[in-house]
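> have a look at this fold, sequence not included:
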């Protein structure tokens with residue numbers, strides 16, 4: 001069971017009406033603001049006072065610079081209270097927004113979360129849902145009235161839907177005890193607030209441990225697939241990798257690990273799924289994770305193996321340009337230490353957005369197997385020499401591969417800092433992070449950036 005002590009807890013607005021209860025307490029050895037907004041009567045509908053109690057808890061977390069844990073199960077604003085109940089939840093949303101990027105916000109959903117309260121999930125840094133929870137803005141009855149298609153709670157907004165399709169849920173838990181344990185694991189990688197460093201631990205895994213097995217994971221064929229998680233687990237301390245959103249946008253892997261005891265955020269293309277290409281969901285997932293790490297001072301380690309953006313009419317019509325730009329935007333504005341390793345393919349626009357040197361990357365490394373180019377040899381020859389005979393195109397393709405599809409050309413031009421022996425990968429990344437540990441990047445003042453939402 002998770003370590004959630006209430007011995008030294010301090011209640012906030014203890015005599016306020018409503019069911020929401022807020023306290024400052026110990027949570028896995030960390031001081032947090034714990035807000036319990038799980039209603040047992042009237043389906044957990046929020047009264048005006050309930051909304052204000054959530055707002056007060058969020059305001060306290062911001063003032064004290066400590067993480068916020070919100071436990072949520074609510075059917076929405078209390079209809080009998082009228083517009084006052086809407087004002088209460090709006091007050092809560094406003095204060096949660098003020099916490100964003102300043103203190104970690106973790107939401108645990110353990111029941112029905114409907115309408116306005118469901119939108120609070122979108123304001124969180126990390127959402128954990130239990131298997132019996134569900135969340136949606138418009139319920140099954142309204143959906144059926146508008147579309148004529150019958151649907152139930154689980155199909156519309158069940159935990160599995162938010163885990164695999166919408167990307168709302170980062171983790172799925174069997175019950176609230178497991179959800180608490182996951183939340184504690186997440187907080188172990190995050191600082192209390194944006195002005196402090198993430199927790200470090202004593203590392204028993206040697207930082208100069210050779211990693212030849214990382215390279216051996218790559219298949220002999222340049223088009224073969226492999227699980228990039230195996231590479232990640234070889235590089236990080238003791239193979240301990242915490243992966244949020246593991247079942248959403250599987251073509252990009254994001255997660256937390258440690259190198260030399262230092263917490264880092266890891267972003268990696270997943271060749272096992274659509275060849276590691278980037279689509280809309282992968283771009284959204286990557287951008288959100290990079291932004292989270294940048295907010296809370298986690299260095300970024302990016303592993304690149306992608307042939308580009310996934311092509312398709314549907315993706316372009318749905319806004320691939322805007323969503324792809326989110327990934328570029330998140331990296332370009334990130335000020336934390338950033339180390340990039342190209343293991344195999346890095347082509348075209350995906351090369352740019354996967355933390356390339358031109359996006360502000362600090363240290364760019366590559367294995368000898370890396371192929372860094374505008375596109376693959378086959379595609380380049382088809383465009384440039386499509387009128388040649390098949391035999392001649394094969395010759396040109398072979399020449400293109402030998403001349404351009406290697407990391408040394410990029411190293412000559414300064415877009416790769418070093419081509420390293422894969423056996424030295426852990427040591428080289430650790431050395432880069434050590435060198436960058438004192439990095440301080442000043443950015444011009446502005447009210448806020450205008451990200452491509």
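Sure thing, it's come through. Please read these numbers as outputs of a predicted model, since none were measured by experiment.
> hang on, residue 249 packs against residue 284?
Yes - if you go by Cβ atoms under 8 Å, residue 249 and residue 284 touch, sitting 7.2 Å apart. Just so you know, the C-beta spots here come from the backbone N, C-alpha and C atoms, and that holds for glycine as well.
> more neighbours, those two?
Counted by other Cβ atoms under 10 Å, residue 249 and residue 284 do not tie: residue 249 has more neighbours, with 22 against 19.
> can you tell me the strand partners of the helix or strand in which residue 24 is found and which way each runs?
Assigning secondary structure by DSSP states H and E places residue 24 in strand 21-27. Its sheet considered, strand 21-27 pairs with strand 4-12 (antiparallel), strand 30-38 (antiparallel) by DSSP bridges.
> so of those strands, which one's packed in deepest?
strand 30-38 (a mean of 22; mean count of other Cβ atoms under 10 Å).
> could you look up the next helix or strand downstream of that one?
strand 45-46.
> could you check how far that next one is from the centre of its chain?
30 Å (Cα atoms, centre = their mean, to the nearest Å).
> which helices and strands does it pack with?
strand 76-77, helix 83-99 (3 or more Cβ pairs under 8 Å, 6 or more residues apart in numbering; DSSP states H and E).
> who wins for proximity to residue 61 among those?
helix 83-99 (5.8 Å; Cβ to Cβ).
> could you check the angle strand 30-38 makes with the closest one?
Angle of helix 83-99 versus strand 30-38, following axes from the mean of the first three to the mean of the last three Cα atoms, to 10 degrees, is 160 degrees.
> now for helix 83-99, which elements pack on it?
For helix 83-99, the packing partners by 3+ Cβ pairs under 8 Å, 6+ apart come out as strand 45-46, helix 48-64, strand 68-74, strand 76-77, helix 116-119.
> what pLDDT does the model give the residue sitting furthest away from the middle of the chain?
Residue farthest from the centre of the chain, counting by Cα atoms, centre = their mean, is residue 389 at 46.8 Å. Confidence at residue 389, expressed as pLDDT, is 70.
> check the one 4 residues further on too.
We have a pLDDT of 64 for residue 393.
> again with residue 14
Looking at residue 14, its pLDDT stands at 85.
> nearest residue to the most centrally placed residue in the chain other than its sequence neighbours?
Closest residue to the average C-alpha location of the chain: residue 289 at 2.8 Å, with Cα atoms, centre = their mean. Residue nearest to residue 289 in three dimensions, not counting chain neighbours: residue 254, with 4.0 Å by Cβ to Cβ, 6 or more residues apart in numbering.
> I'd like to know which elements the helix or strand containing the one you found is packed against.
Assigned by DSSP H and E, residue 254 falls within strand 252-259. Counting contacts by 3+ Cβ pairs under 8 Å, 6+ apart, strand 252-259 packs against helix 228-235, strand 262-269, helix 280-295, helix 425-435.
> switch the helices and strands packed on helix 83-99 over to a markdown table; also include distance to residue 345.
What follows is those, written out as a markdown table (distance: least, Cβ to Cβ, whole Å):
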| stretch | distance to residue 345 |
| --- | --- |
| strand 45-46 | 50 |
| helix 48-64 | 43 |
| strand 68-74 | 40 |
| strand 76-77 | 47 |
| helix 116-119 | 39 |
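> could you tell me the least trusted of these?
Of all the helices and strands packed on helix 83-99, strand 76-77 has the smallest average pLDDT, which comes to a mean of 70.
> partner strands of the helix or strand harbouring residue 345, with direction?
Secondary structure from DSSP H and E places residue 345 in strand 338-347. Paired neighbours of strand 338-347 in the sheet (DSSP bridges): strand 300-306 (parallel), strand 363-366 (parallel), strand 371-373 (parallel).
> most tightly surrounded among those strands?
strand 300-306 (a mean of 26).
> what angle do the strand holding residue 345 and helix 280-295 make?
Going by the same axes, to 10 degrees, strand 338-347 makes 160 degrees with helix 280-295.
> which helix or strand lies directly C-terminal to strand 338-347?
helix 348-353.
> against which helices or strands is that next one packed?
Contact here means 3+ Cβ pairs under 8 Å, 6+ apart; on that basis helix 348-353 packs against strand 300-306, helix 320-333.
> to residue 76, which of these lies closest?
helix 320-333 (29.4 Å).
> possible to save the helices and strands packed on helix 83-99 as a markdown table with distance to residue 332 and mean neighbour count?
Shown next, in a markdown table, are those (distance: least, Cβ to Cβ, whole Å; neighbours: other Cβ atoms under 10 Å):
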| stretch | distance to residue 332 | mean neighbour count |
| --- | --- | --- |
| strand 45-46 | 39 | 26 |
| helix 48-64 | 27 | 23 |
| strand 68-74 | 28 | 27 |
| strand 76-77 | 38 | 24 |
| helix 116-119 | 28 | 22 |
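> closest to residue 183 out of these?
Here strand 68-74 is closest among those (Cβ to Cβ), at 6.2 Å.
> which strands or helices does the closest one pack on?
Applying 3+ Cβ pairs under 8 Å, 6+ apart, we find strand 68-74 packed against strand 30-38, helix 48-64, helix 83-99, strand 105-114.
> repeat that for 7 Å
strand 30-38, helix 48-64, strand 105-114 (3 or more Cβ pairs under 7 Å, 6 or more residues apart in numbering; DSSP states H and E).
> relative to helix 83-99, how tilted is it?
Going by the same axes, to 10 degrees, strand 68-74 makes 150 degrees with helix 83-99.
> tell me which residues are up against strand 68-74.
Outside strand 68-74, the residues that touch it by Cβ atoms under 7 Å, 6 or more residues apart in numbering are 27, 32-39, 44-46, 57-58, 61, 99, 103, 105-113, 117, 120, 183.
> 8 Å instead, please
27, 32-39, 43-46, 54, 57-58, 61, 96, 99, 103-114, 117, 120-121, 124, 133, 176, 183 (Cβ atoms under 8 Å, 6 or more residues apart in numbering).
> same check on stretch 37-55?
12-13, 16-22, 35, 70-79, 81, 84-85, 87-92, 94-96, 110-112, 116-117.
> just for the stretch 351-453 of the chain, where's the confidence low?
By pLDDT under 70, the low-scoring segments of the stretch 351-453 of the chain are 374-388, 391-405.
> go on, the stretch 1-150 of the chain?
In the stretch 1-150 of the chain (pLDDT under 70), the answer is 1-7, 41-44, 77-82, 85.
> show me the contacts for the closest residue to residue 107 other than its chain neighbours.
Distances taken as Cβ to Cβ, 6+ apart place residue 124 nearest to residue 107, at 4.1 Å, with adjacent residues excluded. Applying Cβ under 8 Å, 6+ apart to residue 124 gives the contacts 70, 96, 105-107.
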